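Engineer: give the three-dimensional model of this entry:
(4 chains)
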Number of protein chains: 2
Amino acid sequence: MEALRDLRRTDRTGAATLPSDGRAHNLSLVRQTLHSAGAMSRAELSRTLGLTRVTVSDLVSDLLDRGHVVELGQSDEVRPGKPAILVDINRRGLQVIGMDLAENSVLRAAVLDLDGNILERVEQTLTEGTGEHVVNQVLALASEATARATAPLLGIGVGTPGIVNARGVVTTAPNFDWKDVALRDLLQERTGLPTLVSNDADAAVHAEHTFGAGSDDMVLVKIGRGVGSGLIVGGRRARGAHSAAGEIGHVTVGTDGGTLCKCGKAGCLETWMSVPSLERSLAEAAATSEPQAAADVVLREAGERLAIALAPVVGALDLGEVVLSGPRELLEGPLLNAVQQTLLERLLRQDPSPVSVRLAADAQDIVLRGAAVMVLWNQLGVA
Amino acid sequence: MEALRDLRRTDRTGAATLPSDGRAHNLSLVRQTLHSAGAMSRAELSRTLGLTRVTVSDLVSDLLDRGHVVELGQSDEVRPGKPAILVDINRRGLQVIGMDLAENSVLRAAVLDLDGNILERVEQTLTEGTGEHVVNQVLALASEATARATAPLLGIGVGTPGIVNARGVVTTAPNFDWKDVALRDLLQERTGLPTLVSNDADAAVHAEHTFGAGSDDMVLVKIGRGVGSGLIVGGRRARGAHSAAGEIGHVTVGTDGGTLCKCGKAGCLETWMSVPSLERSLAEAAATSEPQAAADVVLREAGERLAIALAPVVGALDLGEVVLSGPRELLEGPLLNAVQQTLLERLLRQDPSPVSVRLAADAQDIVLRGAAVMVLWNQLGVA
DNA sequence: TGAGTTAGTAAACTCTACTAACAATTAAAG
DNA sequence: CTTTAATTGTTAGTAGAGTTTACTAACTCA
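Structural biologist: Down below sits the predicted model:
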C-alpha cells in the first residue's frame, strides 16, 4: 500500500526516515521532472537530478512497471552516440477524480488527466440541502464519476465548504449542517481509492499555484456565497493551528463600523464582499439616478475593503501574488483595480510592485482542478 | 497548463535523496528527542522513534564519536531487566555563539549552551553608526565571542535589523546604511564557523517557538525603534517572496488616517507602536491634567491598532499564538490587554479562544537566544 | 535459585545508490 | 571507407543503512 505509507510519512511528525522513503522521494523527483519538463531520456534525467544513469534506469523501470511513465521510442535528435529512448509521464494512461461541493445547490465532479484537463463531467443537483442526505449524494456522485474513468484512477480529490482537518474530517460546514463528517474515510471506503479532502478555497489555491504564475507565497480569495481564502506560504499550504487557515470571511475590516453580519459582528469582510452582499448593493445602486456610477462605487468600495483586510497579510507574509476567484462580471474592472491600488497604497511602496494582483484564469473549474492537483501531489509527488 | 513549474526542493539544487541523507535525518531525530525529552536509554529512543534498537545503538555510537551525546551511566529506575544506560545530548560539551545587532547603539554577542542558557556576554558600543565600520565591529565582536567559548563551537547565529535573504546577505538595513552585505560569508570566513544570519524578529520568533508554548502557527511582534515581526507557519519560518516576511511596520492600519510616517504614508503601524512613538505620546499624556488616564488611553489605543493589523493575519493563518516582545513597562497591562480584547472582537468569536496573546518571557535576550536556536536547528536538527 | 523481563550487541539479509566496465549505436575526422 | 570519439543504457560488484533473528548481560520477583 504505497498510499498508506505516504500518508504515514506526512501525518506523523518526526517520523524516522527509512531507505525506502528516500526511494519514494526520488521516484517523485523523476515523475515531477517529466511532468514539468516533458519527455526526456534516462541519461538526461540523470544529469538533471544528479543521480547516476544506473540509478535513474532503475527508478524508471520501477515507474514503467507501475504504469506511471511510458517509453515513447527513440529521440530524433541528431548527434553522435547511441540514440536516446524518450521516457515521459503516462499522461493519458492515468486519471484522477476531482469534486467540487462548494457550488450553489449542485455537486460537481469530473474525471481529469494528469495535466489537469477535464475529460468528463458529472453533476448532481442537491435535492435536500443538509445532513446525511448530502453525504449520500456525494458518495453516489463519486461512484458515478469513477465509473466514467477510461484509465486507472490515482485517487479522488475533494474541495468542500467548511473546515476540514488534516485527516479529511469536515469539522464544521454550516451550509450542509455537517459536523465531524469523516468524508475522506467514507469516500475511501466507498470507492477503494486514495482520497484527499480540503476546503474549497484551499483546493483552489493549489490549482492556481500549480497552473498559474506560481509564486510560492500567495493567497487566493474565493468570493461566492461567502468569502474564503487559501494560502501558500513558502510553497506549502498553510493549514493553521485549528485547520482553519483561510477563514477570513468574518474578520472585521476597517475602523468605521459597517453592516451587521449574521455572525453578530459589524463590518465583517463578508458583508462587503460576498456575492449576495454585492448583488444586494448593486440592486440598490441600480435604483439610483446614476446607476452606473453608483455601481462602480459599490464595486470599488468592496475592493478597497478586501485590500484593507489583505494588506497586513500580504505585508506580514511578503506574498508575491494575490488571486481573486469568483464571478468575473463582478470582480473584473473597478473591484480588481481597487484591490490593486488600495493594496499598494497601504503597503510600503516599492518599485517594481512586490505583489501582483489578478483574477483566477478559470474560476469555473478551479476547485475541480485544484482537488485533482492535491491527488497528483499526494500520489505522484507531481504538480 | 504548460506553465507548470519546477517544484523541486529549494534547499539544495537537484535535491535527490541519498541514503546518507536519511541517516543524517535520523541522527537529527535522535538529537532532537534527547534535546527536548531529556536523557533516556537507547531502548527508549528506539520505542520513541520507531527504529529498531540495533539501529538506534548504531546512531548513538555515531553521535558519541562526534561528541554530540554522552552516556550518563545507569538509570536508577527499579524494574526487572537489565538496567538502562542513560544517554543525553552533550549539554555542556558543545556551545553556540548568538549575536544581536538590533539593539540601540550597541552590538551584543553571547556564548550559549545547547539549552539556550547564556554562559558569557560580550558587547561593543557602536562607535560609528553606519557602513563598513559596523561590519568590522561585528566581525571583531564575533572573534571576541568565539574566544570566550569553553567548549567546541557548533556555529554562529546572528539576528540583524534589515532584510536578509536565504543566503545570509543583508539586502537592506537602513539603520546601518547597509546594502547587499554578505554578512554570513564574511563571518564564516573570519571565524571558520558555520554561520546563519536572519532578521532580528525572525530570530526572536525562533526563540519563542522553541522555548515558549510552542504553537506551530504563531507570530512574534518585536517593538523597538521600529516594529517588526517573525512568523512561524506550519512549524516553519515564513520567509516571503522577497525575503521580507514580517515587515509590518509600514502597513497602514485602520481607515481613519493617522500620524504622518517618515515613509511618506499616514497611519503606518510604526507611528502607533514603535517605542519612540509611544514615548512621545506618553510624554504628551504626562503633561495633561490626568496623566495616568491619558497614558492608559495612549497604550490602549496602540494595542488596538496592533490588533487591527494583526486580526486579518491571525484569521487568515489561523495562528494559535501572538507574542509581543519589547519594553515590558510599555507592553504589559493596558496595551497587551487591548491587543487581546480587540483581536477577539475582530475575529469570529469562539470558545475557547483560538489564539493566546502574551508577552515574550525574556525580551532582553530573545534575539541572542533565537540566533542560537537557528544554529542548533541547522547543525543538530535540534530545538 | 530459577523464571521472566529488559537492554544492548552481533551476524546475516534487504534495499538503495554508487563505481567500473561494457555493448550498442551514431557523428565526425582522417 | 575506416577509425575515433561521443553517448546511451545495461550488467556486475560494492558500500551504506536499516531490518530480522538470535544471542549475552543483568536485573526483579517469587
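
Engineer: within range of DNA strand C, give me the residues from chain A.
Structural biologist: A:19-20, A:22-23, A:26, A:50-52, A:54-55, A:58-59, A:78-83 (CB under 7 Å from any atom of the strand). Bear in mind the C-beta positions are built from the backbone N, C-alpha and C, glycine included.

Engineer: put the buried members of those residues into a ChimeraX selection.
Structural biologist: Per 16 or more other CB atoms under 10 Å in any protein chain shown, the buried members of the residues of chain A next to DNA strand C correspond to this ChimeraX selection:
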select /A:22,23,26,51,55,59
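
Engineer: from the residues of chain A next to DNA strand C, which ones fall inside helices?
Structural biologist: Among the residues of chain A next to DNA strand C, DSSP state H puts A:19-20, A:22-23, A:26, A:54-55, A:58-59 in helices.

Engineer: could you pull out the strands for the stretch 151-300 of chain A?
Structural biologist: Along the stretch 151-300 of chain A, the segments classed as strands by DSSP state E, counting those that start in this stretch run A:153-160, A:163-164, A:170-173, A:178-181, A:195-199, A:218-223, A:227-233, A:236-237.

Engineer: which helices and strands sit right next to the last one?
Structural biologist: In terms of contacts (3 or more CB pairs under 8 Å, 6 or more residues apart in numbering or on different chains; DSSP states H and E), strand A:236-237 is packed against helix A:200-211.

Engineer: any part of the helix it packs on near chain B?
Structural biologist: Yes. Using CB under 8 Å from any CB of the partner chain, we find that helix A:200-211 touches chain B at A:210-211.

Engineer: same check on stretch A:43-51?
Structural biologist: Yes. Using CB under 8 Å from any CB, stretch A:43-51 reaches chain B at A:48-51.

Engineer: and that stretch, average pLDDT?
Structural biologist: Stretch A:43-51 comes out with an average pLDDT of 92.

Engineer: list the buried ones in that stretch?
Structural biologist: Per 16+ other CB under 10 Å, stretch A:43-51 contains these buried residues: A:44-46, A:48-49, A:51.

Engineer: farthest-apart pair in the residues of stretch A:43-51 next to chain B, please.
Structural biologist: A:Thr48 and A:Leu51 (9.0 Å; CB to CB).

Engineer: can you give the domain ranges for chain A?
Structural biologist: A:2-89, A:95-205+A:366-380, A:213-360 (automatic domain parsing).

Engineer: got those domains as TSV, with distance to B:Gln124 columns?
Structural biologist: Formatted as TSV, the domains of chain A follow (distance: least, CB to CB, whole Å):
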stretch	distance to B:Gln124
domain A:2-89	39
domain A:95-205+A:366-380	46
domain A:213-360	31
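
Engineer: looking at these, which one has the lowest mean pLDDT?
Structural biologist: Among those, domain A:2-89 carries the lowest mean pLDDT (a mean of 81).

Engineer: any idea how far it is from the chain center?
Structural biologist: 25 Å (CA atoms, centre = their mean, to the nearest Å).

Engineer: picking that back up, so for B:Glu247, which of the domains of chain A sits nearest?
Structural biologist: It is, among those and with distance given as CB to CB, domain A:213-360, at 6.4 Å.

Engineer: span of the closest one from start to end?
Structural biologist: Length of domain A:213-360, first residue to last, CA to CA, to the nearest Å: 10 Å.
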